[in-house]
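> Here is the input, now give the coordinates:
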Amino acid sequence: MFERQRHSIEQAAGKLNRSQLIAIGIAVVIAVWFVSGLFGGSNGATDEMTAAERDAANATVPQVRVVTSTAATRQGMVTIRGRTAAKRAVEVRAETQGTVSELPVEKGAPVKAGDVLCGINLDARDAQLAEAKALARQRQLEYDASRQLAAKGYRAPTAAAASRAAHDAAQARLKQMEIAVSQTRLVAPFDGIFDDRRVEIGDYLRIGDVCGLVVELDPLLVVGQVAEDRVSVLRIGLPGRARLITGETVEGTVSFVAKTADPATRTFRVELEVPNPDYRMRAGITAEIMVPGDEIQAHRIPSSVIALDDQGVVGVRTVDEESRVRFNAVQLVDDTPDGLWVAGLPPTIKLITVGQDYVIEGQKVEAMPVPLLGAGL
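Residues are numbered from 1 along each chain as shown. Presented below is the predicted three-dimensional model:
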């Protein structure tokens, strides 16, 4: 009996040992699988996925349209940012005091040199002028009589000299009154526009008070600042043109190039003088001055192909000999109705004209040539 019990216990222990071994084995297998997946499986999957993506990307080569462009000799342009300005602007100020009695010119109206802008009440000045004229006539008669008598020996030379002094004093007084009366009429100093009126009828003007502003807009100036490394190209008399922010383009002549730099910016003032006979263009408009510079090699391209890189550099995308995309920085030489002239490119390029916004630097592409006219040039 005891033998049978011992045998049953040994069988149970054997079964228990086998179950434990199986459980431990399963646990070890799971642990090994987990550890291998954690440290090796993910990278392998990632590498396999990256390779697959790379193969798919290489298998699909984007198509772009290109045009072969050859550089041509082009006269460079010095481009200067600036604004339009009046050739002259003068505040017309009172030289005598009094009440404003007339304003014959409306604000904003064109004026000629000598036109009355503001009239001051004469008050007693007209009477004083009449008195000065009468006294001058009297002193003239006395002087003539004294001179004749002195010539005949009937009057002493000193008496004649006194008469001459009184005559000259009367003439001086007359001149003063004529000037005083003329100063009651504030006039335009030159042809231009009465751009601003500062007074109304009834206002009291003191000496130095402003009646209004007269500006000369014909010719009009386009003023800008040029960098010190480009100023040597410019000289007075060079033809140039200005493109206004309003869309107008006007021709003119360089009338001034500063000899000294602005100490704050180290740039030089440049003035382009352009005709403006109908006063159509205004002062203070943002403009771009373009003056011919040295001859350079440049390409004519459509403005639609201009792109920016990640640093904001302006350029174009081209295709190299290995059919890979390249970004080339450019400098604007000229802007014409037929396209942009740019420098900084090799003598001959394959310019991407369609699809340039969907490719990146170094990407392999299939370049499809198009005729020159098809590129929009």
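> Surely residue 143 and residue 169 touch.
No: checked against C-beta atoms under 8 Å, the pair residue 143 and residue 169 is beyond contact range at 10.9 Å. Using the backbone N, CA and C atoms, a C-beta is placed for each residue, glycine as well.
> The stretch 201-350 of the chain: strands as residue ranges?
204-205, 210-227, 239-244, 249-257, 267-274, 286-301, 307-308, 314-319, 325-329, 331-336, 339-343, 348-354 (DSSP state E, counting those that start in this stretch).
> Show me which of residue 143 and residue 169 is the more surrounded one.
residue 143 (20 against 13; other C-beta atoms under 10 Å).
> Model confidence at the more buried one, what's the number?
Here the pLDDT value assigned to residue 143 is 85.
> which ones are touching it?
163, 164, 166, 167 (C-beta atoms under 8 Å, 6 or more residues apart in numbering).
> Residue 237 now?
Applying C-beta under 8 Å, 6+ apart, we find residue 237 in contact with 253, 254.
> which stretches of this structure have low pLDDT?
Counting by pLDDT under 70, the chain has low-confidence residues at 1-59, 372-377.
> closest one to residue 107 among the strands of the stretch 201-350 of the chain?
Of all these, strand 210-227 sits nearest to residue 107, with 7.3 Å by C-beta to C-beta.
> any chance of the contacts of residue 143 in TSV, with distance to residue 133 too?
Converted to TSV, these look like this (distance: C-beta to C-beta, whole Å):
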residue	distance to residue 133
163	19
164	19
166	15
167	14
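> Of the residues you listed, which pair is most distant in space?
So, those by C-beta to C-beta: farthest apart are 164 and 166, at 7.4 Å.
> quick one: stretch 195-209 to chain centroid distance?
For stretch 195-209, the separation from the chain centroid amounts to 35 Å (computed by C-alpha atoms, centre = their mean, to the nearest Å).
> ok, back up a step: out of the strands of the stretch 201-350 of the chain, which is closest to residue 197?
Nearest to residue 197 among those is strand 210-227; the distance by C-beta to C-beta comes to 4.2 Å.
> Run a quick neighbour tally on residue 179.
12.
> Likewise for residue 285?
Neighbour count of residue 285, defined by other C-beta under 10 Å: 17.
> Use 855 as the first number for this chain going forward.
Fine by me, first position is 855 from now on; the one you just mentioned is residue 1139.
> quick one: contacts for the residue lying closest to it once chain neighbours are set aside?
Counting by C-beta to C-beta, 6 or more residues apart in numbering, residue 938 is the residue found nearest to residue 1139 once chain neighbours are left out, at 4.5 Å. Applying C-beta under 8 Å, 6+ apart, one finds that residue 938 lies in contact with 1074, 1075, 1076, 1077, 1096, 1098, 1135, 1136, 1137, 1138, 1139, 1141.
> same thing with residue 969?
Neighbour list for residue 969: 958, 959, 1041, 1042 [criterion: C-beta under 8 Å, 6+ apart].
> Ramachandran coordinates for the third one?
Same thing as residue 1041. As for residue 1041, its main-chain torsions (degrees, to the nearest 10) stand at phi -120, psi 160.
> and if you look at the last one?
Main-chain torsions, residue 1042, degrees, to the nearest 10: phi -70, psi 130.
> Look up which residues are beta-bridged to the closest residue to it other than its chain neighbours.
Closest residue to residue 1042 in three dimensions, ignoring its sequence neighbours and counting by C-beta to C-beta, 6+ apart: residue 965, at 4.2 Å. Beta bridges link residue 965 to residue 1046 when assigned by DSSP bridges.
> burial of residue 1212, as a residue count?
Neighbour count for residue 1212, taken as other C-beta under 10 Å: 11.
> How about residue 1123?
Quick note: residue 1123 (other C-beta under 10 Å) scores 17 neighbours.
> In contact with the closest residue to it other than its chain neighbours, which residues?
Closest residue to residue 1123 apart from its sequence neighbours, by C-beta to C-beta, 6+ apart: residue 1112 at 4.2 Å. Counting by C-beta under 8 Å, 6+ apart, residue 1112 touches 1122, 1123, 1124.
> hang on, the earlier thing: give me the PyMOL select line for the contacts of residue 997, limited to the buried ones.
Remark: buried members of those, expressed as a PyMOL selection using 16 or more other C-beta atoms under 10 Å:
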select buried, resi 1017+1018+1020+1021
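> I'd like the contacts of residue 997 as JSON lines, with secondary structure and distance to residue 1102 appended.
Below are the contacts of residue 997 laid out as JSON lines (DSSP: H, G, I helix; E, B strand; the rest coil; distance: C-beta to C-beta, whole Å):
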{"residue": "1017", "secondary structure": "helix", "distance to residue 1102": "68"}
{"residue": "1018", "secondary structure": "helix", "distance to residue 1102": "65"}
{"residue": "1020", "secondary structure": "helix", "distance to residue 1102": "65"}
{"residue": "1021", "secondary structure": "helix", "distance to residue 1102": "62"}
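> Scan this protein for its longest strand.
As assigned by DSSP state E, the longest strand anywhere in the chain is strand 926-947.
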